[in-house]
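[1] A structural model of the following input is requested.
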Amino acid sequence: MEFEINAVLIGTGATVIMDLWALFQKRVFGVPALNYAMVGRWIGHLPRGHFIHDNIGKAVPIHGEKMLGWGAHYVIGIIFAAGLLVFWGPEWAFSPTLMPAITVGLLTVMAPFFILQPAMGAGVAASRTPNPNISRLRSLIAHFSFGLGLYISAMIWS
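    This next block holds a predicted model:
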């Protein structure tokens, strides 16, 4: 049970830090945040057998898509934290070091690059967006902040 509690605490904390970073970027620099309703819309279409969209924004809206998207965002953060604890060992939660957390944070960018963005119509690694390199950089920064959040959260809870 201790493993699961640590994964929930660290993953939730890291996701909160990632979201605070996104909020800071939006308010200070005008960088648009990810619309998690679109993530919920994509997830909502999965049971209907629709896995890939040309443009998720044009797909039929799903009831509760915003809540579904935000919930998935936090569940995924917890799963990634659990992955860190599996790979580096559950004892990492009690003696956290920065490099494993940053490494996992940066590795998690593969999920949007190779699953979410292509499935939602943005192409592999945002290749179909107006400014792919800017989109890629923003994703890397967001996932770096998640990795930093893994470390900070583990330091707080350890």
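[2] number of nearby residues for the residue nearest to residue 158 when sequence neighbours are not counted?
    Nearest-residue entry for residue 158: residue 94, 5.0 Å, with adjacent residues in sequence omitted and distances by CB to CB, 6 or more residues apart in numbering. Heads up, the C-betas are built off the backbone N, CA and C, glycines and all. One way to gauge burial is a neighbour count; for residue 94, by other CB atoms under 10 Å, it gives 12.
[3] buried ones in the strand or helix carrying residue 143?
    Here residue 143, judged by DSSP states H and E, is contained in helix 132-157. For helix 132-157, burial by neighbour count (16 or more other CB atoms under 10 Å) applies to 132, 135-136, 138-139, 141-154, 157.
[4] What mean pLDDT does that helix get?
    Per-region confidence: helix 132-157 scores 97 on mean pLDDT.
[5] ok, back up a step: isn't the residue nearest to residue 158 right up against residue 155?
    No. Contact between residue 94 and residue 155 fails when scored by CB atoms under 8 Å: they sit 10.5 Å apart.
[6] show me where the protein has helices.
    Taking DSSP state H to define them, one finds helices in the chain at 2-29, 36-45, 65-88, 98-107, 110-111, 117-120, 132-157.
[7] Show me what the last one packs onto, helices and strands only.
    Based on contacts counted as 3 or more CB pairs under 8 Å, 6 or more residues apart in numbering; DSSP states H and E, the elements that helix 132-157 packs against are helix 2-29, helix 65-88, helix 98-107.
[8] Which one, of those helices, ends up nearest to residue 50?
    When those are compared for distance to residue 50 using CB to CB, the nearest one is helix 65-88, at 13.5 Å.
[9] between that closest one and helix 36-45, how big is the angle?
    Angular relation of helix 65-88 and helix 36-45 on a 0 to 180 degree scale: 90 degrees, by axes from the mean of the first three to the mean of the last three CA atoms, to 10 degrees.
[10] Work out the gap between helix 65-88 and the centre of the chain.
    Per CA atoms, centre = their mean, to the nearest Å, the displacement of helix 65-88 from the mean C-alpha position of its chain is 7 Å.
[11] Show me the contact partners of that helix.
    Outside of helix 65-88, the residues that reach it under the criterion CB atoms under 8 Å, 6 or more residues apart in numbering are 3-4, 6-8, 10-12, 14-15, 18, 35-41, 43-44, 62, 92-93, 100-101, 104, 108, 111, 146, 150, 153.
[12] Of those, keep whichever come out buried.
    Of the members of the contacts of helix 65-88, the ones counted as buried by neighbours, 16+ other CB under 10 Å, are 6-8, 10-12, 14-15, 18, 36-41, 44, 62, 92-93, 100-101, 104, 108, 146, 150, 153.
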